[in-house]
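Engineer: Pasting the sequence and the predicted coordinates here, then a few questions.
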Amino acid sequence: MSESLDIIILTFNEEKNIGDCLQNAAALKGNIYIVDSGSTDNTLDICQRYTQNIFSHPFENYAAQRNWALDNLPLTGTWVLNLDADHRVTPELAAQLNDIFSTPVNTETNGFLISRRTIFMGEWIKHGGHYPAYHANLFRQGFGRCEEKLYDQHFKVTGKTQVLKTDIIDVITDSLTSFIARHNHWATLEAQYLVEQQNAPIVDNNSKLVHPRLFGNPMERRRYMKKRYESFPLFVRPVIYFIIRYFIKLGFLDGKTGLVFHFLQGFWFRFLIDAKIYELRKESKK
């Protein structure tokens, strides 16, 4: 008996992205499910060319929407792959997954870690510690949940995972204007989450969060490094972060496009989070 695959894609006004996403996902032998949160452009018309499994649900946040999809869609596959509209399944990944699922997967394996290949201003950001960056997008039905975080939420898999050597392409933005707008929004969510954590830390008794482990899997190591980053003082840590990413981890090898990306992602965005944390703390003292 071979395995079967369901593919879940969240959408909201994604007419610029969803066509390419679906065209690439169609190379996989799986059922595609769309969860839309009220698109008013041509997103749903494009989706209907690829699947009739289209559902609507109000958007609260990414974690809630992803977990709603896992709990409420009529999934029938033995495995679930979670994609965003700006993701592209590479031909290599499609071939590897079709091959893996053509025979039963070892019952000890409940998930696969897939790296994202970030595309910024049309170019692949290969350096600065930005590649490979693994995520548990693919897991056995019933063995994965999305962390209940406002930002930087990941899927948490119960049980063993394997690392795949093929990638998902992540077209991180279509313009600097949308990059700034999205990251300003995410900085607000991250600052809010970190201040709340400082005031009332979450006790993860049920292991719903990715645990920070220096010697764990790639996701756990990345979470460990982020926790280390958060232990440094406000406004100092973005400087350290940028120096490490751009110089020590060779981000400068990504050229002029890399300079724009690493400065905005590694310095401006991190500094903005700290500024918003500083603002929230000042407001709380009034």
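Structural biologist: Ah, there it is. Numbers count the residues shown, from 1 in each chain.
Engineer: Please make it C-alpha for all contacts and neighbour counts, starting now.
Structural biologist: Fine.
Engineer: List the buried residues in stretch 62-82.
Structural biologist: 62-70, 75, 79-82 (16 or more other CA atoms under 10 Å).
Engineer: Which pLDDT value goes with the nearest residue to L75 once chain neighbours are set aside?
Structural biologist: Nearest non-adjacent residue to L75, counting by CA to CA, 6 or more residues apart in numbering: D6, 6.6 Å away. On pLDDT, D6 comes in at 98.
Engineer: same for the strand or helix carrying D6, what does it pack against?
Structural biologist: Element membership for D6 (DSSP states H and E) is strand 5-11. Judged by 3 or more CA pairs under 8 Å, 6 or more residues apart in numbering; DSSP states H and E, strand 5-11 is in contact with strand 30-36, helix 62-72, strand 79-84.
Engineer: switch the cut-off to 6 Å
Structural biologist: strand 30-36, strand 79-84 (3 or more CA pairs under 6 Å, 6 or more residues apart in numbering; DSSP states H and E).
Engineer: Spit out the contact partners of F143.
Structural biologist: By CA atoms under 6 Å, 6 or more residues apart in numbering, the contact list for F143 reads V157, T158.
Engineer: mind checking the end-to-end distance for stretch 120-138?
Structural biologist: 24 Å (CA to CA, to the nearest Å).
Engineer: What of stretch 155-164?
Structural biologist: End-to-end for stretch 155-164, by CA to CA: 16 Å.
Engineer: so where is the stretch 101-250 of the chain shaky, pLDDT-wise?
Structural biologist: 203-206 (pLDDT under 70).
Engineer: can you give me the helices in it?
Structural biologist: Remark: helices assigned in the stretch 101-250 of the chain by DSSP state H, counting those that start in this stretch are 176-199, 218-230, 237-243.
Engineer: what about the shortest one, distance to the chain center?
Structural biologist: In this case it means helix 237-243. Put simply, helix 237-243 sits 22 Å off its chain's centre (CA atoms, centre = their mean, to the nearest Å).
Engineer: out of the helices of the stretch 101-250 of the chain, which comes closest to R116?
Structural biologist: helix 218-230 (12.1 Å; CA to CA).
Engineer: okay, the angle between that closest one and helix 176-199?
Structural biologist: If you take axes from the mean of the first three to the mean of the last three CA atoms, to 10 degrees, helix 218-230 sits at 80 degrees to helix 176-199.
Engineer: From the rest of the structure, what touches helix 218-230?
Structural biologist: Contacts for helix 218-230 (CA under 6 Å, 6+ apart): H211, P212, R213, L214.
Engineer: hmm, try it at 8 Å
Structural biologist: Residues from elsewhere that reach helix 218-230 (CA atoms under 8 Å, 6 or more residues apart in numbering): A133, Y134, H135, V210, H211, P212, R213, L214, F215, R237, Y241.
Engineer: circling back to that earlier point, can I get the strand holding D6 in CSV, CA atoms only?
Structural biologist: Output in CSV follows, covering the C-alpha atoms of strand 5-11 (Å, rounded to 0.1, in the frame of the first residue of the first chain):
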residue,chain,number,x,y,z
LEU,A,5,-0.9,13.3,0.2
ASP,A,6,-3.2,16.2,0.9
ILE,A,7,-1.9,19.7,0.2
ILE,A,8,-3.3,22.7,2.2
ILE,A,9,-2.8,26.3,0.9
LEU,A,10,-4.0,29.4,2.7
THR,A,11,-5.1,32.4,0.5
